[in-house]
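>>> Just to be clear, the model below is a prediction. Sequence and coordinates:
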Amino acid sequence: MTPFTSSITIEFLYLIATALFILSLKWMSSPKSARHGVWAGEVGMALAIIGTLLDRHIITYQWIAIGLVLGSIIGVPLGKVAMTAVPQRTALSHAFGALCVTLVGIAHYYGEIPDVPKFTMGVLSAEVILGSLTFTGSLMAAGKLQEVLPQRPITYKGANFVNLGILSVAVAIAIYLIVNPSHSALFPLIIALPLAFGVLMIIPIGGADMPTVISLLNSYAGLSAAAMGFVLDSKLLIIAGALDGSSGFILSVIMSKAMNRSFTNVLFGAFGQVQASAAAAGEAKTVRSATPEEAAGILAAANKVVIVPGYGMAVAQAQHKVRELYDSLTKRGVDVKFGIHPVAGRMPGHMNVLLAEADIPYDKLLDLDEVNADLPQTDVALVIGANDVTNPAAREDKSSPIYGMPILDVDKARTVMVIKRGMSPGFAGIDNPLYYLDHTLMLFGDAKAFVGDIVRELSGSHH
Ligand code: NAP
């Protein structure tokens with residue numbers, strides 16, 4: 001290939017890759033086309049890599065090959081983690097991406113000094129600042145989610161002031177470097193300070209807010225990649241980075257809304273810090289429990305049932321048993337729907353993915369508003385491993401840390417049945433008054449085993 005045809009080929013590959021990235025995001029917005037979306041993203045990325053490898057500026061492929069092998073060795077096992085570990089896995093990907101962006105920025109700076117054009121120095125500073133704070137921030141977030149680090153927010157007086165101060169100094173140095181790019185002794189500071197900021201930024205944020213923070217870090221990683229696109233003069237990187245940056249930002253906003261928290265509250269609120277549980281207050285409240293046989297009888301006698309799945313269903317991998325329960329009840333003429341809370345589980349769309357895996361018809365999945373309109377006319381609300389998303393304290397108790405979060409009003413159903421293993425709290429670490437109501441029955445056990453027992457009872461009895 002002549003240099004001319006090869007550069008046309010590369011541009012063409014990049015164009016198709018760009019189109020595929022955009023289509024990928026569009027298709028991923030609906031469960032019906034989501035698989036196509038994943039394919040489009042993968043093919044787009046493969047084309048982008050091939051295009052880059054064809055670049056005639058490449059002198060030797062030796063290091064690239066080593067990188068590809070190392071990347072695959074790390075990437076393949078990362079792709080196989082359990083669904084519940086996806087948030088921390090995603091955080092690790094952001095950390096790697098951000099580290100890569102930062103290293104490219106550093107190499108570029110030292111390759112160009114002493115004459116770095118002002119524009120290049122500006123975007124390069126944005127690249128390394130965002131890249132390095134995303135690197136340590138994402139590592140911290142992954143550590144908190146994996147519970148390698150303490151989940152509780154760690155705060156001290158004036159923390160926000162110190163953090164913003166560090167970031168401001170880094171930005172001020174960056175501005176100085178734009179004017180005097182040859183003062184290279186200062187350059188390491190616009191990496192070191194954001195690295196420290198990344199750690200300090202995450203320390204005061206509680207584990208329950210980590211998924212939101214991760215999508216925000218996703219957004220930063222995207223923006224730093226876009227800045228790198230300007231530095232390297234790559235349109236593809238600019239576009240892909242911008243798509244990544246904006247989609248991450250939109251997702252964080254959606255998640256904050258679903259928890260009724262402002263963005264600033266998630267970032268600076270140190271949520272989940274003081275959590276006095278009912279047990280700590282010394283109150284001995286009683287709950288009523290029931291056996292699978294009794295639960296099966298109540299379900300079989302109902303006309304309308306709403307199933308509310310949560311994190312516990314995911315942990316127990318109970319979705320296929322839930323499908324059997326759905327089949328068995330539907331066969332008896334019971335109207336069964338699913339109430340899906342936007343932050344049930346540990347990542348957006350968690351419940352939708354699991355129920356889709358078990359082939360539960362998508363039109364049976366109702367969102368918050370639809371379900372809450374239905375619940376007062378519902379005979380049985382069956383809560384499977386969900387807790388926080390059903391907690392009436394969010395509606396009633398102004399002192400509750402989740403006060404104001406929209407919840408599924410399962411307490412409005414005629415009978416509530418809750419499958420969970422014991423009285424442990426959910427992610428927010430708080431007690432749930434739902435369990436002490438007169439019309440609530442606790443079904444103690446592992447979600448998969450208990451639902452399986454109910455299904456067996458239903459098929460054994462002759463109604
Ligand atoms: P949750 O409040 O975390 O409660 C899950 C419950 O499942 C626990 O109380 C636990 O009780 C039970 N459980 C665990 N393993 C089980 C098993 N094997 N069988 C049966 N039950 C089991 O879950 P959620 O109601 O789904 O709420 C999600 C929480 O995560 C919310 O606080 C939300 O704000 C937060 N969050 C989610 C997202 C997201 O994107 N989805 C993002 C940010 C924050 P036992 O130990 O007694 O069994």
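Everything's here; your move.
>>> Low-confidence bits of this structure, can you list those?
Applying pLDDT under 70 to the chain flags the ranges 1-5, 208, 267-284, 461-463.
>>> before we move on, could you check phi and psi at the closest residue to the ligand within it?
As assessed by Cβ to the nearest ligand atom, the ligand sits closest to residue 426 within the chain, at 2.0 Å. C-beta: built from backbone N, CA, C; applies to glycine. Per-residue torsions, residue 426: phi -90, psi -150 (degrees, to the nearest 10).
>>> Ok, residue 106 next?
Main-chain torsions, residue 106, degrees, to the nearest 10: phi -60, psi -50.
>>> if we can go back for a sec, could you find the closest non-adjacent residue to the residue of the chain closest to the ligand?
Nearest non-adjacent residue to residue 426, counting by Cβ to Cβ, 6 or more residues apart in numbering: residue 387, 3.2 Å away.
>>> need the contact list for residue 43.
By Cβ atoms under 8 Å, 6 or more residues apart in numbering, residue 43 lies in contact with residue 20.
>>> Pull up the gap between it and residue 17, please.
8 Å (Cβ to Cβ, to the nearest Å).
>>> so residue 394 touches residue 408, yeah?
No: if you go by Cβ atoms under 8 Å, residue 394 and residue 408 don't touch, sitting 10.1 Å apart.
>>> Of these two, give the one with the bigger neighbour count.
residue 408 (26 against 22; other Cβ atoms under 10 Å).
>>> helix/strand/coil for the residue nearest to that one when sequence neighbours are not counted?
Setting aside the residues directly before and after it, residue 408 is nearest to residue 339 in space (Cβ to Cβ, 6+ apart), at 4.9 Å. Secondary structure state of residue 339, per DSSP: H, G, I helix; E, B strand; the rest coil, is strand.
>>> wait, residue 339 sits on residue 366?
Yes: in this structure, residue 339 is within contact of residue 366 by Cβ under 8 Å, at 5.9 Å.
>>> Give me the nearest residue to residue 324, chain neighbours excluded.
Nearest to residue 324 is residue 455, by Cβ to Cβ, 6+ apart, at 4.7 Å.
>>> So the one you found lies in a helix, does it not?
Yes: assessed by three-state DSSP, residue 455 belongs to a helix.
>>> wait, what's in contact with it?
Residues counted as contacts of residue 455 (Cβ under 8 Å, 6+ apart) are 321, 324, 325, 328.
>>> Next, format these as a markdown table and append distance to residue 355, secondary structure and neighbour count.
Listed next are the contacts of residue 455 as a markdown table, based on distance: Cβ to Cβ, whole Å; DSSP: H, G, I helix; E, B strand; the rest coil; neighbours: other Cβ atoms under 10 Å:
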| residue | distance to residue 355 | secondary structure | neighbour count |
| --- | --- | --- | --- |
| 321 | 12 | helix | 22 |
| 324 | 13 | helix | 17 |
| 325 | 12 | helix | 23 |
| 328 | 16 | helix | 20 |
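>>> Turn those residues into a markdown table, columns for distance to the ligand.
A markdown table is the format used below for the contacts of residue 455 (distance: Cβ to the nearest ligand atom, whole Å):
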| residue | distance to the ligand |
| --- | --- |
| 321 | 11 |
| 324 | 16 |
| 325 | 14 |
| 328 | 20 |
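>>> Residue numbers of the stretch 301-450 of the chain in contact with the ligand?
When proximity is defined by Cβ under 6 Å from any ligand atom, the stretch 301-450 of the chain lies next to the ligand at 310-312, 315-316, 343-348, 350, 385-389, 419-422, 424-428, 446-447.
>>> what about the strands in the stretch 301-450 of the chain?
Assigned by DSSP state E, counting those that start in this stretch, the stretch 301-450 of the chain shows strands spanning 304-309, 335-340, 365-367, 380-384, 415-420, 440-444.
>>> now, of those, which is deepest in the fold?
Neighbour counts (mean count of other Cβ atoms under 10 Å) averaged over each of those peak at strand 380-384, with a mean of 28.
>>> what lines up beside that one in the sheet?
Partners of strand 380-384 in the sheet, by DSSP bridges, are strand 304-309 (parallel), strand 415-420 (parallel).
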